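Engineer: Coordinates for the following, if possible.
(chains A and B)
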Amino acid sequence: MFGTIFRFEIRYHLTRPITWFYFIIYFALGFAFMASDAVQIGGGVGQVERNSPWVLAQSMMILVAVGQVILTGLVGTAVLRDYQFKTHELLFTTPITRFAYLGGRFLGAFVVMVIVHLAIPLGLLIGPLMPWVDHTKMLPPDVPTTLAQFGTLALPSIFLLSATFFAVGALTRSLFAIYTQGIALLVAWSITVPMLANVNNQTIAALVDPFGLQAFSLLTRYWTPAEKNTMAVPISGVMLENRLLWLAIAAVIVVVTFLAFRFRSGPITLGGKAAREAKPETAPSVRAVKVEQRFDGRTWVTQVASSARLSFLNIVRQVPFLAIVTIGIVNLLMSASFVDSLYGEKTWPVTYTMAQVLENGFQLFFIILITIYAGEAVWGERQLQLDQVNDSLPTRTSVPFLGKLGGLLMVEGFLLVIMILAGIAIQTAKGYHNYEIGLYLRYLFGTTFPSLAQITVLAFLVHVVVNQKYAGHVIMILFWIGRMALRSLGVEHQLFNYANPPSFLYSDMNGFGPYVPELTLSALYWTGVALLLGVLAFLFWVRGSETRWALRGGMARLRWGRPAMAATAAGGVLAFGTGGAIFYNTNVLNHYENSKAARKRQAGYERIYKKYEKMDLLRLVAADVRADLAPERLAFTASGTFTFVNKHPRPLDSILVTNIHERELRIDTLAWDRPATAVLTDTTVGTRIYRFAAPIAPGDTVRLRYRALFANHGFPNGGPRTVVATNGTFVNSEYFPVLGYQDGGEIGDDDDRRKEKLQPKARMPSIDDESARANSYLTNYADMIGFKATVSTAPDQIAIAPGYLVKEYRENGRRVFEYAMDHPMANFYSFLSARYLVKRDEYHGIKLEIYYHPGHEYNLDRMMASMKASLDYFGTNFSPYQFRQVRILEFPRYAQFAQAFPNTVPYSESLGFILRTGDGDDDLDLSFYVTAHEVAHQWWGHQLVGANMQGATWFSEGLANYSALTVMEKQSGRAVLQKFLANELDRYLQGRATERKKELPLLLVENQGYIHYNKGSLALYAFRDLIGEDAMNRALSKFLTAKAFSGAPYPTSREFVTFLEAETPDSVKYAIDDLFKTITLWDDQTTEATATTGTGGKYQVTLKVTARKFRADTLGNQKEIPIADLIDIGVFGAREPGNKLGKPLYLSKVWIRGRDTTFTITVDQEPRRAGIDPYNKLIDRDPKDNVKDVTIIKAP
Amino acid sequence: MQLEIKNLSKTYPNGVRALNGVSLTIGTGMFGLLGPNGAGKSSLMRTISTLQLPDSGTIRFEDIDVLTRPDDLRRVLGYLPQEFGFYPNLSAEVTLDHFATMKGVVDSGQRKALVASLLNQTNLYQARKKHVGTFSGGMKQRLGIAVALAGSPKLLIVDEPTAGLDPTERHRFLNLLAEIGQDIVVILSTHIVEDVRELCNAMAIINKGQVVVAGDPREIVEALRGKLWRKFVAKTDLPAVKATHHVISTTLLAGAPVVHVFADQNPGEGFTPIEPDLEDVYFHQLELAGLTEAA
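Structural biologist: The predicted structure follows:
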């Protein structure tokens, strides 16, 4: 019996087209992920091969987790089918056993699930074989490994899914439950992601993820490209636990289903009492109340409203709806309580952040709700068999249509209101009380709601037209996928991305600012289109039992009356009017270019002009610039006179000038002070070559006058330019001409380069390229320059440029500021203007100023304190500060960085100004830290700047980080630093795991953030720990004395190392190799920590540790090398506030020679924890096993 | 008040000929529409109720041409289909209020009174706040009739309303119909002969999409007077009886088979005359169409 049912089940599915449809979809997804760029399912970057075992494992797991949403029906209906076809009564009265019936059905369905899912590895294996595939990015398909990973990673999930779907189907026998459970599962699953953000929950998240993806990422997050290319994901540790746990849960589900299932007709219900009938009263009265029936316009309005209300109530009272929304809100609360954190630190939950978090956090739920409930709305009455009653009512067809649409829109609006309340609740809970209700409303109802409404209309249309509920859902899911895929298909114009409002950034300083016109037009445009779609949906709305197209067409013609015409006309006018306006903005006022065209243009620049890279250039010695800012008009004029000298020993007859932003500018003056002709002018890439009538003799001075206008003409497709803002302008020197070929204009990404048939690009010149020392890495045509700047701006704004304020006055109703630098500075300047408030202070004659946005006072004192502490430490230990002033300038969050210009630090409003530093002992004060980092750049970058070659950013960014952490350590103590370094370690390890080209040691770093910032902090700190702070400061100070303001040849990282070596005792010189010259990792572990009580209350601790040391190559292949290092060994007592390790009872640097070492240490107090490298100073991929709790063994 | 149906024909895309030249004239009072499953009753009902269009023919109710002006008919129509459900998580009161609005009762005071009276009339007043999902079959059926009655229809169409009701429920329901059906046109579709006998002053039997007989039930029954005979037969003799006589039904009486036969004169052989009733008419008509096995 079992066998028959089992075989029947398989045969049933295999003969159904839908099964093969799923199979083909899965195959196509796997295949296309490998064989095309259009589909991305996870995937690696850079040096990770496209079909590496790691990538394949990840894509299989993602597809299983996400794809299940459409597969729920496959297993779920195994039992329901018998009820649908009403065969259950026949079947259940046969002598079939429950085991044979359920077992056969379940196993049959499970086998079919496996067959369908096998399409994924099949596609992944066949895709790479295609002839058009770039085989340099592919490994030969590895069938055994792929199938083994499918078996270990995907199969348990498939079993779990089958069990769950089967259980839900068999026990509820509700189609709705069956089709929505996949979505519910997906939603529940997505909750584990924010949980991972909380570092302490990583292991829990890895365990509770039913699909194992969290375990996968936890296990492999530090994997280097080499490891991703060669290693299969091991079934061990948390991955093994996860798979076993969920297999066990699946087994329990199956068993419970078998036990709970009964051969009876009704589904299992939970509670729910049947309504008790009232006792019949006496004879019912026939006298119907006399009522007036009216069928006019007012009735229509009342009816639409009543329908909408009914739809609304009907949806919000459904258990699945409440379940989805509850999960959504929980998810929202969880993500919202994490997202105010930055670098592990808290920011103030300002309203725009909340609104953004709310919107992002609920996006998935809106997608789900619209997809499901549009279908439910269109199908609702037919499912209830209420359609005949409803359709024969004396209402216009527009009543049910508009009523249902309105009901769903009301649900969406209702949810947005709930979200706002949730946002306010979170703000309150976090102690933030500046609720900007208006901003919430504008954000969520101004941008989110129109888009939801437009998509809802589309979903209605889809369901009405296909008139097949399940197919409607599939089409809607394809719509969502298509919307995401549009970009990779090269369709980037907003006019084609249905109901997708352009992205925007709200800024406290500048509000919705320049985005308002684009957002408004886009909302109106898609509303117009939605109106047209809505009319279509109305015309073909199914009323009555006729579904033949011929008849529906006939009905549509009957409905094509005045209201439909009017709506069509309105929609048409709106869509064409605003669409035209958008097109005019993006394609007429601005040049439209998709990213492929932009890439081609970029490639063209390199192909044509790379040959001029080595062309001799004049050298800039002075810049006298002027920026006339018109924030009111979002325009500015950049002008100035640049003074150049020919520093070459030979005459120069021509010069190449580049205007990086030429396409945004109208250049009206570019004039040399002597006869010169433009022999080449290429405005598409801003390149000009001038030939001087008489060559410039060595030592001669030449001047260039420049004037250009920048104006925002409407908006381009990618969004408006924010360089000049109504409040918060930030114009940098890129709007002024530079000399020579700019290799920054080349395509950086090697994958993109390959598409353009360009050779892979070296990120920086080699450290062995002596000629590269002619320039610093900041600029290719200047050393230190003389600088004067004039900035004019709106009368209510303050404008700032580097230099000291010489004069401020009014002229033609503008406020004008003149700045001048009194000694040469880097060729690196900017102009900022906003309605600022200013906080001032002074440190030993150095003026300290913070220009900030009113309301952003939170961290001004911390920034001020940081400036003082930094100037103090750096001035005392490194070299004197070269300026008389430090200014911090807030700018809108269109960019999210802080950047050090001479005596001037523009600082994004989102970074530091709204940071919230708690009072905990190990709370990192990030605004203090970032300020210190930028002040440190006045030394590392502005006093001493490296040659344009490998290693240069190590001693600018790396030293800025090191200097800042030193100041922070003095200020906040060891525990804070501990937390900071733990973050740096995590970021470094994740950074190298996603390296696109090659990892390099600090000595050769090629402007790689995770190396110069994160490893820079770790390595320089560990190094100082070995040689001591004084020695370190001596080295840095001598380095500055020798190389500050050096000019060409610019210093190199090798020179920096010689200064470090000079202060390093021979015994620890090995560390210079380990930390700076190579990629070295340690794997330290405490395997045993026991203690016995000795005499006099002393404890004898026995500590067994292993220590291993590895060298990695640029791809992350590592091999073990002998260890002979000085490493911390510590024993710790009871925990103290802010010190999780506990009070050190013993702490000493010990020479570790060899893998296993045993220590016996006597301490005075009860030891709690002990271990090797307890402070995680060394780079260790598993830092948590360094310390172990001490087991106390009672003396016999 | 009169509903006139002329030459209504409808063939479904799958080739099923649901209606084949149906013509009926129906006046006020209860009109019974009898026919076996698949005879075309529901197709006819749906067509009258504006839910589907015939391939040919006309329907006229008073001065309304139903096929070209469906909206006008809907204003005077109450329709209770054979199978229907309601929004399970809304109460009877909310449901009824909504449908009253849909029927054009927009004055909220009037509507409230109407809803209350309908709930009273259908004996649902005390359960009015309960979610409809918790209702029993009879309660749901009565709510259905309340919906159909909202807005005082002039044409009430009820399709198989008593199927699945227990005898008490059925009785109560039919009483309700009888009360309402006095001044308006009520079409009661059923395959339960008793319903028609008890309630209707006019009827039609349709089969295979055609009207096989129509008129006053009493007259139709009368036409069979003196032509029906019955006899107890042994099971083994049944085939022989069927072969030689015009058997219209075979029933069991206390376990013994009884055959009813149609014959102009007493066939003798122990047959005794019987009073014709509607059931015999029904079986006779179906038998004429060659549809019935001995039931």
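
Engineer: Please determine how far the one residue in the stretch 1-150 of chain B that gets nearest to chain A is located from A:Ala964.
Structural biologist: Closest approach between the stretch 1-150 of chain B and chain A, counting by CB to the nearest CB: B:Gln126, at 3.3 Å. Using the backbone N, CA and C atoms, a C-beta is placed for each residue, glycine as well. According to CB to CB, to the nearest Å, B:Gln126 and A:Ala964 sit 76 Å apart.

Engineer: try B:Leu174
Structural biologist: Relative to A:Ala964, and taking CB to CB, B:Leu174 is found at 90 Å.

Engineer: Which helix or which strand is home to A:Ser1017?
Structural biologist: Using DSSP states H and E, A:Ser1017 falls within helix A:1016-1027.

Engineer: distance between that helix and the chain's centre?
Structural biologist: On the basis of CA atoms, centre = their mean, to the nearest Å, helix A:1016-1027 sits 30 Å off its chain's mean C-alpha point.

Engineer: Restricting to C-alpha, output it in CSV.
Structural biologist: Written as CSV, here are the backbone C-alpha positions of helix A:1016-1027 (Å, rounded to 0.1, in the frame of the first residue of the first chain):
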residue,chain,number,x,y,z
GLY,A,1016,47.2,49.7,10.4
SER,A,1017,45.7,50.2,13.8
LEU,A,1018,46.3,46.7,14.9
ALA,A,1019,49.9,46.4,13.6
LEU,A,1020,51.1,49.8,14.8
TYR,A,1021,49.5,49.3,18.2
ALA,A,1022,51.0,45.8,18.6
PHE,A,1023,54.3,47.1,17.5
ARG,A,1024,54.2,50.0,20.0
ASP,A,1025,53.3,47.4,22.6
LEU,A,1026,56.6,45.6,21.9
ILE,A,1027,58.9,48.6,21.7
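
Engineer: about what we covered before: with neighbour numbers in mind, choose between B:Gln126 and A:Ala964.
Structural biologist: Neighbour count, other CB atoms under 10 Å in any protein chain shown: between B:Gln126 and A:Ala964, A:Ala964 has more, with 26 against 15.

Engineer: give me the element the more buried one is part of.
Structural biologist: If you go by DSSP H and E, A:Ala964 is part of helix A:957-972.

Engineer: Could you identify the helix or strand that succeeds that helix?
Structural biologist: helix A:974-993.

Engineer: So which bits of that following helix are buried?
Structural biologist: Neighbour counts over helix A:974-993 (16 or more other CB atoms under 10 Å in any protein chain shown) mark A:975-981, A:983-989, A:991-993 as buried.

Engineer: what helices or strands is the helix holding A:Ser1017 leaning on?
Structural biologist: helix A:957-972, helix A:974-993, helix A:1070-1072 (3 or more CB pairs under 8 Å, 6 or more residues apart in numbering or on different chains; DSSP states H and E).

Engineer: can we see that at 7 Å?
Structural biologist: helix A:957-972, helix A:974-993 (3 or more CB pairs under 7 Å, 6 or more residues apart in numbering or on different chains; DSSP states H and E).

Engineer: Going by mean pLDDT, which of the ones you listed comes out lowest?
Structural biologist: Lowest mean pLDDT within these: helix A:974-993, at a mean of 88.

Engineer: Could you confirm A:Phe692 falls within a strand?
Structural biologist: Yes: read with DSSP: H, G, I helix; E, B strand; the rest coil, A:Phe692 is one of the residues of a strand.

Engineer: so how far is stretch A:1052-1067 from its chain's centroid?
Structural biologist: Stretch A:1052-1067 sits 39 Å away from the centroid of its parent chain (CA atoms, centre = their mean).

Engineer: May I have it as PDB, with CA atoms only?
Structural biologist: C-alpha atoms of stretch A:1052-1067 as PDB (Å, rounded to 0.1, in the frame of the first residue of the first chain):
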ATOM      1  CA  THR A1052      58.400  55.800   1.000                       C
ATOM      2  CA  SER A1053      57.200  53.100   3.400                       C
ATOM      3  CA  ARG A1054      60.600  51.600   3.300                       C
ATOM      4  CA  GLU A1055      62.000  54.800   4.700                       C
ATOM      5  CA  PHE A1056      59.400  54.700   7.300                       C
ATOM      6  CA  VAL A1057      60.500  51.200   8.300                       C
ATOM      7  CA  THR A1058      64.100  52.400   8.700                       C
ATOM      8  CA  PHE A1059      62.900  54.900  11.300                       C
ATOM      9  CA  LEU A1060      61.000  52.200  13.100                       C
ATOM     10  CA  GLU A1061      63.900  49.800  12.900                       C
ATOM     11  CA  ALA A1062      66.200  52.400  14.400                       C
ATOM     12  CA  GLU A1063      64.100  52.300  17.600                       C
ATOM     13  CA  THR A1064      63.500  48.600  17.700                       C
ATOM     14  CA  PRO A1065      65.600  46.200  19.900                       C
ATOM     15  CA  ASP A1066      67.100  43.400  17.900                       C
ATOM     16  CA  SER A1067      65.200  40.800  19.800                       C
END
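
Engineer: so for it, what's the average pLDDT?
Structural biologist: The pLDDT scores in stretch A:1052-1067 average 95.

Engineer: what's in contact with that stretch?
Structural biologist: Here stretch A:1052-1067 makes contact (CB atoms under 7 Å, 6 or more residues apart in numbering or on different chains) with A:767, A:773, A:946-947, A:949, A:951-952, A:954-955, A:1003, A:1027, A:1031, A:1034-1035, A:1038-1039, A:1043, A:1069, A:1072, A:1076.

Engineer: quick one: buried residues of that stretch?
Structural biologist: Along stretch A:1052-1067, these residues count as buried under the neighbour rule (16+ other CB under 10 Å): A:1052-1053, A:1055-1057, A:1059-1060, A:1063-1064.

Engineer: A:Phe460 belongs to a strand?
Structural biologist: No: judged by three-state DSSP, A:Phe460 forms no part of a strand; its state is helix.

Engineer: Do I have it right that it meets A:Ala374?
Structural biologist: Yes: look at A:Phe460 against A:Ala374 with CB atoms under 7 Å: they come within range, at 5.4 Å.

Engineer: Look up which helix or strand the residue lying closest to A:Gly328 once chain neighbours are set aside falls in, please.
Structural biologist: Leaving aside its chain neighbours, A:Gly328 sits nearest to A:Phe365 (3.7 Å; criterion: CB to CB, 6 or more residues apart in numbering or on different chains). Assigned by DSSP H and E, A:Phe365 belongs to helix A:351-384.

Engineer: what helices or strands is that helix leaning on?
Structural biologist: Secondary-structure packing of helix A:351-384 (3+ CB pairs under 7 Å, 6+ apart): helix A:175-190, helix A:319-339, helix A:398-429, helix A:437-443, helix A:449-466, helix A:469-485.

Engineer: Quick check: residues of the stretch 151-295 of chain B near chain A?
Structural biologist: B:151-152, B:172, B:176, B:179-180 (CB under 7 Å from any CB of the partner chain).

Engineer: Give me the buried stretch members for stretch A:114-131, please.
Structural biologist: Buried, per 16+ other CB under 10 Å, within stretch A:114-131: A:114-125, A:127-128.

Engineer: In strands, which of these appear?
Structural biologist: Counting by DSSP state E, the buried residues of stretch A:114-131 place none of their members in strands.

Engineer: Would you mind putting those residues into CSV with distance to chain B and pLDDT alongside?
Structural biologist: Compiled in CSV, the buried residues of stretch A:114-131 are given as follows (distance: CB to the nearest CB, whole Å; pLDDT from 0 to 100):
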residue, distance to chain B, pLDDT
A:Val114, 37, 94
A:Ile115, 33, 94
A:Val116, 32, 93
A:His117, 36, 94
A:Leu118, 38, 94
A:Ala119, 35, 93
A:Ile120, 39, 94
A:Pro121, 43, 94
A:Leu122, 39, 95
A:Gly123, 39, 92
A:Leu124, 44, 93
A:Leu125, 45, 93
A:Gly127, 43, 89
A:Pro128, 48, 89
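
Engineer: which among these gets closest to A:Thr931?
Structural biologist: For those, the closest approach to A:Thr931 (CB to CB) belongs to A:Leu124, at 49.1 Å.

Engineer: Am I right that the closest one is in contact with A:Leu29?
Structural biologist: No: under the criterion of CB under 7 Å, A:Leu124 makes no contact with A:Leu29, lying 9.2 Å away.
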